[in-house]
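S.K.: Starting from these lines, generate the structure:
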Amino acid sequence: MEALKRQAAARALDDVRDGMKLGLGTGSTAKHFVALLGERVRAGLKVVGVPTSEATRADAERWGIALTSLDEIDRLDLTVDGADEIDPQLNLIKGGGGALLREKIVAAASDRMIVIADESKWVAALGRFPLPIEVIPFGLAATQRAVVQAFAECAVSGQMAVRKARDGHVFVTDGGHWIVDAHLGRIEDAPRLAGLLGAIPGVVEHGLFIGLASTAILAGAQGIRVVERQ
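M.R.: Modelled structure (predicted):
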């Protein structure tokens with residue numbers, strides 16, 4: 001599986017040009033892209049990156065990739081990131097690594113977003129992977145009641161659980177928030193659910209990435225498949 005992830009990451013490098021401003025994703029597949037990009041940088045490629053997490057920042061610095069922020073530049077040429085699920089419209093579920101808020105900010109500030117993944121992430125409909133919902137800890141029960149109502153309006157339901165870290169304590173995002181993972185099974189109308197969740201005051205962000213990815217690069221046993229959003 002790691003070999004497939006690295007193949008997808010290597011294919012995405014074909015779209016990187018000298019002088020580009022890049023969004024650098026988070027997660028196991030994006031980690032391969034950052035490493036391969038670092039090799040190109042050491043060979044003379046000139047790019048500047050905006051990391052989507054503190055973990056990615058550390059990786060990029062270790063590889064010698066110049067970094068900046070969205071406070072210093074207004075647009076990015078390209079973001080390359082992974083996904084937990086990808087549907088045929090290139091809508092995504094992201095946030096399994098807990099960086100969904102920064103990932104979405106960076107993707108939205110980019111002219112293009114390439115999603116890199118192994119073929120297991122391709123699904124007919126989103127929802128098999130638990131949907132991450134980043135929330136403010138204050139008023140959590142009220143927020144969860146509003147989330148349940150949003151689910152009902154979209155004819156979905158499932159168990160919700162506050163994400164725990166490996167040490168058993170509540171997982172805290174880089175922004176200081178909590179994540180509730182919703183096990184929905186299948187989301188028939190992801191754009192509508194995204195809109196309803198985004199309107200809930202206690203929801204900081206959610207893992208439905210609608211209309212942001214322009215290209216998906218999927219690596220499988222039969223090779224690389226490139227899917228463009230229509």
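S.K.: wait, what's in contact with the most centrally placed residue in the chain?
M.R.: The residue lying closest to the centre of the chain (Cα atoms, centre = their mean) is residue 94, at 4.1 Å. For residue 94, the contact set (Cβ atoms under 8 Å, 6 or more residues apart in numbering) comprises 81-84, 100, 103-104, 132, 207, 209. Every residue, glycine included, has its C-beta placed from N, CA and C.
S.K.: Contacts only, for residue 131.
M.R.: Contact analysis of residue 131 by Cβ under 8 Å, 6+ apart lists 93, 95, 181-182, 184, 187, 206-208.
S.K.: repeat that with 10 Å
M.R.: Contact analysis of residue 131 by Cβ atoms under 10 Å, 6 or more residues apart in numbering lists 84-85, 93-95, 147, 151, 156, 158, 160, 180-184, 187, 190, 193-194, 197, 206-208.
S.K.: And the contacts of residue 94, which is closest to residue 7?
M.R.: residue 82 (13.2 Å; Cβ to Cβ).
S.K.: On the three-state scheme, the closest residue to the closest one other than its chain neighbours is what?
M.R.: Nearest non-adjacent residue to residue 82, counting by Cβ to Cβ, 6 or more residues apart in numbering: residue 29, 3.7 Å away. At residue 29 the chain is in helix, as set by DSSP: H, G, I helix; E, B strand; the rest coil.
S.K.: burial count for residue 29?
M.R.: Residue neighbour count, defined by other Cβ atoms under 10 Å, stands at 27 for residue 29.
S.K.: again with residue 206
M.R.: 29.
S.K.: Please apply the same query to the one 10 residues further on.
M.R.: Neighbourhood size, residue 216 [other Cβ under 10 Å]: 24.
S.K.: Tell me which residues touch it, please.
M.R.: Applying Cβ under 10 Å, 6+ apart to residue 216 gives the contacts 8, 83, 86-88, 90, 92, 113-117, 121-122, 225-229.
S.K.: got it, and residue 227?
M.R.: 86, 88-90, 115, 122, 213, 215-218.
S.K.: partners of it in the sheet?
M.R.: Beta-bridge pairing for residue 227 (DSSP bridges): residue 216.
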